[in-house]
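Chemist: Based on what follows, work out the 3D shape:
(chains A and B)
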Amino acid sequence: MARELITLEHIYKSYGDQLVLDDLSLMIKENSFVTLLGPSGCGKTTTLRIIGGFEYPDSGAVVFDGKNITDLSPNKRNLNTVFQKYALFPHMTVEENIAFGLKISNKSQQYIKDKVKYALKLLNMDGFEQRKPDSLSGGQQQRVAIARAIVNEPKVLLLDEPLGALDLKMRQGMQYELMRLKNELGITFIYVTHDQEEALTMSDHIIVMNQGYIQQEGTPEMIYNEPENAFVADFIGDSNILRAKMIQDKLVEIQGAKFACVDVGFGQNNPVDVVIRPEDIELLEPEKGIIKGRVLNTVFRGVHYEMEVEAHNYKWLVHSTRMKEVGQEVGLYVDPFNIQVMNVPESEDEEAISELEQTE
Amino acid sequence: MNLNRQNKIHNGKKQMIWLSTPYIGWSLLFVVIPLCMVLYYGLTTDTWSFTFANVTHITEPGYMKALVRSVELAVIATIVCFLLAYPLGMILRSMHLSRNGFIITLFILPMWMNFLLRTLTWMTLLEGSGVINGILNVLHLPNIHIINTPAAIVLGMVYNYLPFMILPIYTALNNIDEDLLNASRDLGAGELQTFCKVTFPLSLPGVGSGVTMVFIPALTTFAISSMLGGSKIMLIGNVIEQEFTSLYDWHLGSGISIILMVVIIINMMLNIAFDAKEERQAKSIKGGKR
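Modeler: Prediction:
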């Protein structure tokens, strides 16, 4: 397996009396696409800036390739950053922007020329050498910013919400392009975003953060299918999150109805949180489901219909390709495998979402 | 829809033009007409026949000397202002505090005091028996003799016009996105390289307007030079003033004024040409390939 490239050890960081990162530790493997995902203010950008050297932690260590670089200034770190608003030098042409790092490190004219050409080709931007950044579209500026970073052959590329300013279509195109780039360059990408879809699409490894803590980390599939707490479940995709009671192994009581599940080890009659993804709820004939309900409303969302079904005093969010009429009686069925049982957060800190959407 | 919007903007522009009527009227009355009168007086004799003699009068040694000295002192004052203002702008930027307003006010504060009063104060400070020499006497230190020298004039110019250099430079520096400097460091540049390659080039527009705003009033001043330079040092401003107020030769005064205007216009055109060169580069590239 790939070796460790970057380790953050017990990082604390506060601005004034606001604690932004609280004992944050994480490890990033070489040649991986890692995403720091979380809502704004969760500490993800601060974490990235600490890795980049633009912020210094109050305590803790940043280890890069076996060396402690905590106090090293950004210009001495073997990594490059793509900034949120691209931060292209407005007084330089595209070519000068890309050549900036190479000129600083005194590379030969020929080397710089070849390298700039290569980078522009890699990003489908050839012919733009003499343009000024302000004559480029957002997507083009984005490519130049990436080209400017990668020509220096960093071991790690840091990307701070680089697609945030682009429109949806362009964003989706760039997602695939970034994945292709990462594979062609064979370097580590650390990517910061608040867009769960972006994170799920591109990453090998997702680190979900909230309020300065890591909530969960793992592959996109793990994060989506087996969220460890209500915050992660709520943040990643739409979901039905309910307070429930674990009656015994493989049996959970939700809103007064007993559901079969596959989770074990939560004890007997213990309170738990359960997550059921809207696409995992099947709408059947009323008597064929586990519980009975009535369709409250239906919205067409393109690929599927999004429906709200009231059953056992809870409004269930259901995604289905087959529409049910508003007011229709339906039976709700959930495959045992699709019920995700989680521990109830023990402390305020772990309780990441302000309120669970539950009806009494 | 796009067309509609453009129409709207167009209509909006038409309406906006009306709002500028008071200003246009004002400048017609008090800028354009006086300017025409200066040109008329400057290019005629006292019998109202056309002549270049008033303008060419500048080639006479006395007038030429005043013009050259004016340019010299204005250039020196501009350079001194720049050297004082730039580091200050850097410091103010690096503080990026909300207290900025307070610091700016501190530098603008002298401007709230009457210009003549401030210059007069320097006169009494620098005089042979003035405050500074009084203090030096008490301390048994040698006296200074700055008053009525070019140095005193430069001092007066710097003191009076420094805020006009600080503000545009500070504004330009403060508008540089911190992430541009971070990007420079990120790409391997040290602090000095970042300054030379990013900070300074991006602050040049501010330096340009600062230079113009100091150089032009310094070049045309007559109050500072007559108060701090005594009667010995004549600047071009004093020459013009004299023609009008004591020699009553409006034609010659206007002729010399035209020369001064030409010098200022040349200065501004250099400035504009410098700006336009950059813009043209950007534009030609813009239009060239899409």
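Chemist: Please, where are all the helices along the stretch 101-250 of chain B?
Modeler: In the stretch 101-250 of chain B, the helices defined using DSSP state H, counting those that start in this stretch lie at B:115-126, B:131-138, B:150-174, B:178-186, B:191-194, B:200-220, B:223-228, B:236-245, B:250-288.
Chemist: would a markdown table of those with mean neighbour count be doable?
Modeler: For every residue, glycine as well, the C-beta is placed using N, CA and C. Shown next, in a markdown table, are the helices of the stretch 101-250 of chain B (neighbours: other CB atoms under 10 Å in any protein chain shown):
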| stretch | mean neighbour count |
| --- | --- |
| helix B:115-126 | 15 |
| helix B:131-138 | 13 |
| helix B:150-174 | 22 |
| helix B:178-186 | 21 |
| helix B:191-194 | 14 |
| helix B:200-220 | 21 |
| helix B:223-228 | 23 |
| helix B:236-245 | 20 |
| helix B:250-288 | 15 |
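Chemist: could I get the ones you listed as CSV with mean pLDDT and distance to chain A?
Modeler: Below are the helices of the stretch 101-250 of chain B laid out as CSV (pLDDT from 0 to 100; distance: least, CB to the nearest CB, whole Å):
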stretch, mean pLDDT, distance to chain A
helix B:115-126, 88, 36
helix B:131-138, 87, 45
helix B:150-174, 91, 12
helix B:178-186, 95, 4
helix B:191-194, 94, 6
helix B:200-220, 92, 5
helix B:223-228, 90, 36
helix B:236-245, 89, 36
helix B:250-288, 75, 4
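Chemist: Out of those, which is closest to A:Glu55?
Modeler: Nearest to A:Glu55 among the helices of the stretch 101-250 of chain B is helix B:178-186 (10.1 Å), distances taken as CB to CB.
Chemist: residues in contact with the closest one?
Modeler: Here helix B:178-186 makes contact (CB atoms under 8 Å, 6 or more residues apart in numbering or on different chains) with A:52-54, A:73-75, A:80-81, A:83-85, A:87-89, A:100, A:148-149, B:193-194, B:197-199, B:202.
Chemist: Show me which of those residues are buried.
Modeler: Among the contacts of helix B:178-186, those buried by neighbour count (16 or more other CB atoms under 10 Å in any protein chain shown) are A:52-54, A:74-75, A:80-81, A:83-85, A:87-89, A:100, A:148-149, B:193-194, B:197-199, B:202.
Chemist: Output the residue of the stretch 51-200 of chain A whose distance to chain B is smallest.
Modeler: Taking CB to the nearest CB, chain B has its nearest neighbour within the stretch 51-200 of chain A at A:Gly101, 3.6 Å off.
Chemist: now that residue: how far from B:Leu202?
Modeler: Distance, A:Gly101 to B:Leu202, using CB to CB, to the nearest Å: 18 Å.
Chemist: ditto for A:Arg180
Modeler: Noted for A:Arg180: a distance of 34 Å to B:Leu202, by CB to CB.
Chemist: Then A:Leu158?
Modeler: On the measure of CB to CB, A:Leu158 and B:Leu202 end up 23 Å apart.
Chemist: Check A:Leu24 too.
Modeler: In terms of CB to CB, A:Leu24 sits 35 Å off from B:Leu202.
Chemist: contacting residues for B:Met64?
Modeler: Contacts of B:Met64 (CB under 8 Å, 6+ apart): B:Ile58.
Chemist: B:Ile236 versus that one, what's the distance?
Modeler: 10 Å.
Chemist: Now the closest residue to chain A within the stretch 101-250 of chain B: closest residue in space, sequence neighbours ignored.
Modeler: The stretch 101-250 of chain B approaches chain A most closely through B:Leu187 (3.6 Å), counting by CB to the nearest CB. Distance criterion CB to CB, 6 or more residues apart in numbering or on different chains; nearest residue to B:Leu187, sequence neighbours excluded, is A:Gly101 at 3.6 Å.
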